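>>> Give me the fold of what follows.
(one chain, ligands or ions: 1)
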Amino acid sequence: MKAKFAEIREQFPILRQEENGQSLVYLDNGATSQKPERVIKAVDDYYRWQNANVHRGVYGLSERATELYEGARETARQFLNAKSTREIVFVRGVTEAINLVAQSWARANLKAGDEVIITEMEHHSNIVPWQLLRDQIGIRLSVLRINQKGEVCLNALKGMVSEKTKLLAVTQMSNALGTINPVKEMAEIARSVGAKVLVDGAQATPHMQVDVQDIDCDFYALSGHKMYGPTGIGVLYAKEALLEAMPPYQGGGDMIYSVTFDKTEYNVLPYKFEAGTPHIEGAIGLGEAMKFLQDIGLDEIAAYEAELLTYATERLKEIDGLKVIGEADNKGGVVSFVIDGVHPHDMATLMDQDGIAVRASHHCAMPVMQHFNVPATIRASFGVYNNFADIDRLIDSLNEAKDMLL
Ligand SMILES: *Cc1c(COP(=O)(O)O)cnc(C)c1O
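Numbers count the residues shown, from 1 in each chain. From the prediction side, this is the model:
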C-alpha cells in the first residue's frame, strides 16, 4: 500500500516545491486539497481545445463542451450512487448547496415553529444559513450536543426529534475533530418523524465511499476543492421529487424553458437550478478528480489514511503537554490538538519555517472550540499524498517550536 501511495504523491506537482528552503509537508487538507496532474490537465485541455458555452451552440465545439460538462454530471452521479443525473446540481460548493436548500426547499416548505436540527460540530456553512432562515421565517434551530470525545449520541437525537422536526442537517465528517458521524442511523431517526435529511459531505467525499441511496438522505452536498478538484465547483444531490417541487434558487439564462414578460416556464431538472453560464471547466475538473479517487479506490484511501492517523496520534501523544481535541471512536484523517502554554498561531507560524503547512484556527467551527473551551486548535489533516515521513517532520518541527516558545 505504501508504494502505491508513494506513486500517487508523484502526481502532485505542487509537492515538489520548496517552502522556506524545505520540501513542503502539506497537512491542511481539511481546508483544501492539492490537485493531481490529471485534474490540472483536464482543466488545461478544456481551455486549449474545448472551450465554448454549453447547451447553446449547434456547432461542434459547443457540443463537445456540453458533452464534457454533462459527462462530469454522470461521473458525479456514479460517484454518489444517485439514481439519476437529474438529481445532480452543480453549485459553487457546500456553502452554496446548503444555502440553496435553505432558501428554496426550506423557505417553501417550513413555517414558523418548525424545527431544524443541526449538531454542535457543524461547520459555519451548516449553521449560518439556518440562522438566516430563522430570522426570515421564524423556524426553530436546535443543536444536538456532542460529548467530550466529540461524538453525537443517537439516543439523544431520538429524544430530540418530534413532529415539529422538519430537517436534520448534519456533517458526515467533522473538519475540526475528524469525527465520522453515523449519518445512516441518524437519517433513520429523522425519517421516523417525517423529517428530511441533509448531509454535509465536504470532508467525507475525499476520504470514504459515499452512497446517497444507502444513507437514504434527501440532500447531500460536496465541494470539489476538498477532494482534489477545482475551487468554485461542488454538487448538491437531492432526491428528484424534492427538486421537482422546489422553486428555483436563482433566475437567469439556462434555467428557463421559455420567457415572456408575463410568464416564465422553467427548464427541466437539473437545469432549473443552474442559472447562468456554469463553471464548466470546474465541473470537468471535478469529474476528473472523482475518477482519480475511484481509480485509487475509496476503501483503500480510507485504510491508508487510518494508518496515518493512528501513527500521528501515537506520536503526538508522546509530546508533553499536548492534548488531542476530538477522540471519537470513528474518526477520519484529521487530528486537532493544543499544547499547554503555547498559542496555536505562534506554533503554526514557526512550523511554516520548517515547510510544514498546518492550520491554527477555529476551523470555521467556533461552537466546537467553545465546547472544548479553547480559542483555536492546531490541525493536521491528511490526504492521499501524505506519508509517514510527513508525520515525522511534523513531530520534529513541533518539538523544536515548542522548545522555542516555552
Ligand atoms: C470546507 C467545509 C465546508 C464548506 O465548504 P466550501 O467549499 O467552503 O463551501 C462545509 N462543511 C465542512 C465540514 C467543510 O469542511
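
>>> Which residue, neighbours along the chain excluded, lies closest to Ala312?
Ile391 (4.8 Å; Cβ to Cβ, 6 or more residues apart in numbering). (Glycine included, C-beta is placed from N, CA and C.)

>>> That should have said Lys111, apologies.
The shortest distance from Lys111 to any non-neighbouring residue, by Cβ to Cβ, 6+ apart, is to Ile137 (6.8 Å).

>>> just to revisit the earlier point, can you get me a residue count around the residue nearest to Ala312?
Counted with other Cβ atoms under 10 Å, the neighbours of Ile391 add up to 23.

>>> residues in contact with it?
Shown here is Ile391, whose contacts under the criterion Cβ atoms under 8 Å, 6 or more residues apart in numbering are 308, 311-312, 315, 380.

>>> Show the buried residues in those.
The neighbour-count test (16 or more other Cβ atoms under 10 Å) marks 308, 312, 315, 380 as buried among those.

>>> contacting residues around the strand or helix carrying the last one?
For Ala380, the host element (DSSP states H and E) is strand 377-381. Outside of strand 377-381, the residues that reach it under the criterion Cβ under 8 Å, 6+ apart are 27-31, 175-176, 178, 312, 325, 333-339, 344, 347-348, 358-361, 363, 369, 391, 394.

>>> Which ones among these lie within helices?
Using DSSP state H, the subset of the contacts of strand 377-381 located in helices is 312, 344, 347-348, 369, 391, 394.

>>> picking that back up, go through the buried ones among the contacts of Ile391 and name the one nearest Asn20.
Ala380 (17.9 Å; Cβ to Cβ).

>>> Report pLDDT for the closest one.
Looking at Ala380, its pLDDT reads 98.

>>> how about the closest residue to it other than its chain neighbours, what does it touch?
The shortest distance from Ala380 to any non-neighbouring residue, by Cβ to Cβ, 6+ apart, is to Leu27 (4.2 Å). Going by Cβ under 8 Å, 6+ apart, Leu27 touches 356-358, 380-382, 386, 390, 394.

>>> With respect to Gly194, which of those is nearest?
Ranked by distance to Gly194 (Cβ to Cβ), those are led by Ser381 at 36.2 Å.

>>> Now for that closest one, how many residues are close by?
Ser381 has 29 neighbours, counted by other Cβ under 10 Å.

>>> Show me what it is bridged to.
Asp28, Val334 (DSSP bridges).

>>> Distance check, it against the ligand.
9 Å (Cβ to the nearest ligand atom, to the nearest Å).

>>> how far away is the nearest residue to Lys239 once chain neighbours are set aside from Tyr59?
Spatially, and ignoring its direct neighbours in sequence, Lys239 is nearest to Asp218 (5.3 Å; Cβ to Cβ, 6+ apart). Asp218 is 39 Å from Tyr59, where distance means Cβ to Cβ, to the nearest Å.

>>> Pick out whichever of these two has more residues nearby.
Per other Cβ under 10 Å, whichever of Asp218 and Tyr59 has more neighbours is Asp218, with 24 against 9.

>>> contacting residues around that one?
Applying Cβ under 8 Å, 6+ apart to Asp218 gives the contacts 196-198, 238-239, 242.

>>> Same question for Glu300.
1, 4.

>>> three-state assignment of it?
At Glu300, secondary structure determined by DSSP: H, G, I helix; E, B strand; the rest coil is helix.

>>> Next one: it, what pLDDT does it get?
Listed pLDDT for Glu300 reads 98.

>>> Break the protein down into its structural domains.
The chain breaks down into these domains under automatic domain parsing: 2-27+297-405, 40-295.

>>> right, so the ones you listed: which one is the most enclosed?
domain 40-295 (a mean of 20; mean count of other Cβ atoms under 10 Å).

>>> What is the end-to-end distance of that domain?
Taking Cα to Cα, to the nearest Å as the measure, domain 40-295 stretches 17 Å from start to finish.

>>> Does the ligand have contacts with that domain?
Yes - for domain 40-295, a contact with the ligand is found by Cβ under 6 Å from any ligand atom, at 93-95, 123, 125, 171, 175, 200, 202-203, 223, 225-226.

>>> got the CA coordinates for stretch 104-122 in PDB?
Provided in PDB are the C-alpha atoms of stretch 104-122 (Å, rounded to 0.1, in the frame of the first residue of the first chain):
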ATOM      1  CA  SER A 104     -35.500  27.100  -1.800                       C
ATOM      2  CA  TRP A 105     -36.700  23.900  -0.200                       C
ATOM      3  CA  ALA A 106     -36.900  25.100   3.400                       C
ATOM      4  CA  ARG A 107     -38.300  28.500   2.700                       C
ATOM      5  CA  ALA A 108     -41.100  27.000   0.600                       C
ATOM      6  CA  ASN A 109     -41.900  24.100   3.000                       C
ATOM      7  CA  LEU A 110     -41.200  25.300   6.500                       C
ATOM      8  CA  LYS A 111     -43.200  27.700   8.600                       C
ATOM      9  CA  ALA A 112     -42.700  29.500  11.900                       C
ATOM     10  CA  GLY A 113     -42.200  27.000  14.800                       C
ATOM     11  CA  ASP A 114     -40.900  24.200  12.500                       C
ATOM     12  CA  GLU A 115     -37.600  22.800  13.700                       C
ATOM     13  CA  VAL A 116     -34.300  22.300  12.000                       C
ATOM     14  CA  ILE A 117     -31.800  20.100  14.000                       C
ATOM     15  CA  ILE A 118     -28.000  20.500  13.400                       C
ATOM     16  CA  THR A 119     -25.200  19.200  15.600                       C
ATOM     17  CA  GLU A 120     -22.700  21.100  17.700                       C
ATOM     18  CA  MET A 121     -19.800  20.100  15.400                       C
ATOM     19  CA  GLU A 122     -21.200  21.700  12.200                       C
END
